[in-house]
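K.L.:
give me coordinates for this.
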Amino acid sequence: MRQSAKKVRRTLGLIRGRDVETALNLLHFAPQKASVVIEKTIHSAVANYLQSDSTEDRDADDLFVKEAFVDEGPTMRRFRPASMGRASRIRKRSSHLTVVVSQKD
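P.N.:
Numbers count the residues shown, from 1 in each chain. Next up is the predicted model:
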């Protein structure tokens, strides 16, 4: 995603260890830009969990966010004119988001 990992980690701290229903409610009303992408990722993780090949009985209400972490992705480097004919570097950071959901025991 096109946002720095530091900003995404702040939002991930809200949902780590919570059940999926509560996490989605928190993210839906959070003002941060990262909350939209994290919410979509949780929906995707729940759908993947429910579609996985297993004979167990699966229910979305019993799921919680087991792990949620973000790693730094590639940084795009751009240049911008600065004073006295110089050029200053702009770093456009990106990140890799991982969310793991699991069933409560």
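K.L.:
tell me which residue is most central in the chain.
P.N.:
I38 (3.7 Å; C-alpha atoms, centre = their mean).
K.L.:
how close does that residue sit to M84?
P.N.:
42 Å (C-beta to C-beta, to the nearest Å). Every residue, glycine included, has its C-beta placed from N, CA and C.
K.L.:
so the residue nearest to the centre of the chain, which state does it fall into?
P.N.:
Assigned by DSSP: H, G, I helix; E, B strand; the rest coil, the conformation of I38 is helix.
K.L.:
need the contact list for it.
P.N.:
V8, T11, L12, I15, L27, A68, L97, V99 (C-beta atoms under 8 Å, 6 or more residues apart in numbering).
K.L.:
got a pLDDT number for the most far-flung residue of the chain relative to its centre?
P.N.:
Going by C-alpha atoms, centre = their mean, the residue of the chain most distant from its centre is M84, 40.7 Å out. M84 is assigned 96 on the pLDDT scale.
K.L.:
tell me the secondary structure at it.
P.N.:
Classified using three-state DSSP, M84 is helix.
K.L.:
residues contacting it?
P.N.:
Here M84 is in contact with no residue (C-beta under 8 Å, 6+ apart).
K.L.:
which stretches in the chain count as strands?
P.N.:
In the chain, the strands defined using DSSP state E lie at 63-72, 76-81, 87-92, 95-103.
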